[in-house]
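Trainee: Just the structure for this:
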Amino acid sequence: MISRLLLLLNTIKYLKNRQIFFRIFYFFRKTIRRILNFQYPYNIQRESVHLNFRCSISYHQWISNNIFTFLNISKNFSNDIDWNYLEYGILWAYNLNYFEYLNQNQIGKEEGVNLIYDFIGNIKRNTIALEPYPTSLRIMNWIKFVSYYNLNDNKINASLYAQVKILLDNIEYHILGNHLLENGFAILFGAYFFNDLYLYNKAKKILFKELDEQILNDGGHFELSPMYHQIILYRVLDSINLLQNNHQFQNELMDLLTQKAKKMICWLNAITFCNGDIPHFNDSTYGISPTTKELNNYAFRLNVIQQTEIKNHELSDSGYRKIKKKNYEIVVDIGNIGPNYIPGHAHSDTFTFVLFVKGEPFIVDTGVSTYEANRLRFQQRSTGAHNTVQVMDIEQSQIWSSFRVANRAFVIDKRILNNEISVSHDGYKKIGVIHNRKYFFYANEIVIVDNIISNKNYICKSYLHFYPGRRIESRDGIFNIDNIIINFNNSFSVKEEIYNYCKGFNQLLESSMLSISFYDKLETIIKIPSP
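Mentor: Just a heads-up that it's a prediction; the model follows:
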């Protein structure tokens with residue numbers, strides 16, 4: 001009981017006062033409304049205007065004949081869709097309620113309208129429907145769909161306007177971060193669709209404040225997840241599309257959106273590997289967000305940025321660095337885990353890295369396959385699931401539940417030269433340890449030196465996770481992985497182990513890793529042969 005209380009206190013202390021206030025406010029308001037049997041109106045008549053859009057990005061999943069596939073799991077509902085279907089977890093149910101599938105190329109007007117009508121007819125029984133995050137995405141997706149088909153449907157309009165009003169009453173000030181941005185984008189879409197100046201001013205207020213805070217100087221989204229960066233960039237580009245082609249209001253937001261989009265595109269291209277993959281840091285995985293190529297092409301169509309503007313962008317305050325040599329690309333994480341008050345997608349992975357050799361993944365982040373609050377989720381966020389150092393089986397950052405972090409590692413020293421990085425963090429300060437990691441980048445060799453600074457000797461482990469299909473061969477303490485040679489100085493034990501690589505949500509592939517045990521210092525040398 002006491003340890004649980006400390007965990008909560010060490011989590012709450014990082015929250016903003018605004019988050020705490022709205023958590024309390026929403027809790028008591030919900031309790032009072034339950035007693036009073038309060039219900040929102042589910043239909044509010046309101047005239048809409050037709051909106052124009054340039055071609056956006058087609059949804060990548062497939063639905064047909066009430067067969068829905070999300071997170072690599074399919075469900076056939078036959079005739080009756082269960083909008084509350086939770087057997088595959090809350091995130092699967094959220095995806096069902098997002099209605100992103102309305103924007104796939106294969107869906108027709110009749111099928112889309114029938115799905116919307118079915119949702120409207122079941123909204124009173126749908127416990128997930130009116131949560132603010134899925135409501136935000138659904139508002140945008142419905143508006144894009146009805147605009148594409150030039151529909152002026154009173155039934156859809158009345159439901160849409162009611163949902164916008166419900167969202168306004170439940171803006172996620174208690175969560176903030178990408179959730180609040182999604183609320184703002186949705187309200188902006190509602191403002192244009194219903195020609196509503198109040199909605200426009202509300203959206204403008206949210207977006208000016210949040211985009212200014214959440215998009216860092218180097219263009220990275222401050223939650224430091226490349227996948228969520230892609231998602232937020234997609235929303236920014238869709239909003240630019242909305243403003244470019246519809247002119248109900250003054251264009252105060254356009255300069256802000258364009259400026260942020262340019263920075264975000266440059267950051268994304270800087271961190272993307274030459275084969276198009278992003279490093280799977282902080283809840284990133286395959287098949288959820290638009291790809292970097294898709295986002296680039298969308299930005300080009302909107303004339304947001306030119307191809308020549310993307311090159312030679314420097315990563316800085318997002319905490320990532322990318323080093324590119326002729327035979328390899330490496331992205332290293334030398335920053336803090338994310339904004340203190342919203343580390344929901346953060347992992348205990350300070351000083352991890354991802355290495356691609358000759359355009360192919362070699363040492364990888366293990367990724368994420370679930371958001372459910374279970375042992376697998378904890379393991380995938382843990383220090384041992386990343387290419388960094390763990391001391392005495394202690395977590396660098398105190399992750400718990402699905403999206404919680406209590407005490408966490410902070411970077412306390414950072415020195416960066418052209419081909420050398422030295423960084424330290426205090427994630428093990430409770431046992432009197434500072435972890436210093438140095439990277440040295442040469443044409444065909446990477447040297448990583450880990451120093452454990454302490455008055456005591458602790459057993460430490462460094463981990464290297466290899467992409468599926470990579471074969472490890474060892475001889476006399478030297479490891480050969482597909483002709484890439486790795487050796488370790490000052491280790492007293494190196495073990496080959498099996499881990500589960502996350503190919504996507506609900507998709508795990510067995511792969512190989514090395515667990516390297518040492519005391520106060522470890523030197524890892526990775527030699528990459530010339531072509």
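Trainee: domains of the chain?
Mentor: 1-38, 40-211, 215-318, 323-527 (automatic domain parsing).
Trainee: Isn't residue 421 up against residue 438?
Mentor: Yes: assessed by C-beta atoms under 8 Å, residue 421 is found in contact with residue 438 at 6.9 Å. Placement of C-beta: from N, CA and C, glycine included.
Trainee: The two: which has the busier surroundings?
Mentor: Between residue 421 and residue 438, residue 421 has the larger neighbour count (other C-beta atoms under 10 Å), namely 20 against 16.
Trainee: what kind of secondary structure is that one in?
Mentor: Look at residue 421: counting by DSSP: H, G, I helix; E, B strand; the rest coil, its state is strand.
Trainee: With adjacent residues omitted, what lies nearest to it?
Mentor: Nearest non-adjacent residue to residue 421, counting by C-beta to C-beta, 6 or more residues apart in numbering: residue 439, 4.4 Å away.
Trainee: Double-check that the one you found belongs to a strand.
Mentor: Yes: under three-state DSSP, residue 439 falls within a strand.
Trainee: Could you look up the SS state of residue 24?
Mentor: Going by three-state DSSP: residue 24 is helix.
Trainee: can you tell me how far it sits from residue 173?
Mentor: Using C-beta to C-beta, to the nearest Å, residue 24 is found at 12 Å from residue 173.
Trainee: Between these two, which has more neighbouring residues?
Mentor: Neighbours per residue (other C-beta under 10 Å) separate residue 24 from residue 173, with residue 173 holding more: 18 against 11.
Trainee: Report pLDDT for the more buried one.
Mentor: The per-residue pLDDT reported for residue 173 equals 97.
Trainee: For it, which residues are in contact?
Mentor: Residue 173 sits next to 18-19, 22, 180 when contact means C-beta atoms under 8 Å, 6 or more residues apart in numbering.
Trainee: Separate out the buried members of those.
Mentor: 19, 22, 180 (16 or more other C-beta atoms under 10 Å).
Trainee: Which one of these is nearest to residue 3?
Mentor: residue 19 (23.3 Å; C-beta to C-beta).
Trainee: Not counting its own residues, what contacts the helix or strand hosting the closest one?
Mentor: Counting by DSSP states H and E, the element that carries residue 19 is helix 17-35. Contact with helix 17-35 is made by 12, 38, 170, 173-176, 341, as judged by C-beta under 8 Å, 6+ apart.
Trainee: Helices along this structure, start to end?
Mentor: Applying DSSP state H to the chain gives helices spanning 2-12, 17-35, 90-98, 109-121, 132-148, 154-168, 177-193, 197-214, 226-245, 252-271, 292-301, 375-381.
Trainee: and the third one, which residues are buried?
Mentor: By neighbour count with 16+ other C-beta under 10 Å, helix 90-98 contains the buried residues 91-98.
Trainee: what's the average pLDDT for it?
Mentor: Helix 90-98 comes out at a mean pLDDT of 96.
Trainee: now the first one
Mentor: For helix 2-12, the mean per-residue pLDDT is 83.
Trainee: any idea of the angle that helix forms with helix 17-35?
Mentor: With axes from the mean of the first three to the mean of the last three C-alpha atoms, to 10 degrees applied, the angle from helix 2-12 to helix 17-35 works out at 110 degrees.
Trainee: Mind listing what's buried along helix 2-12?
Mentor: 7, 10-11.
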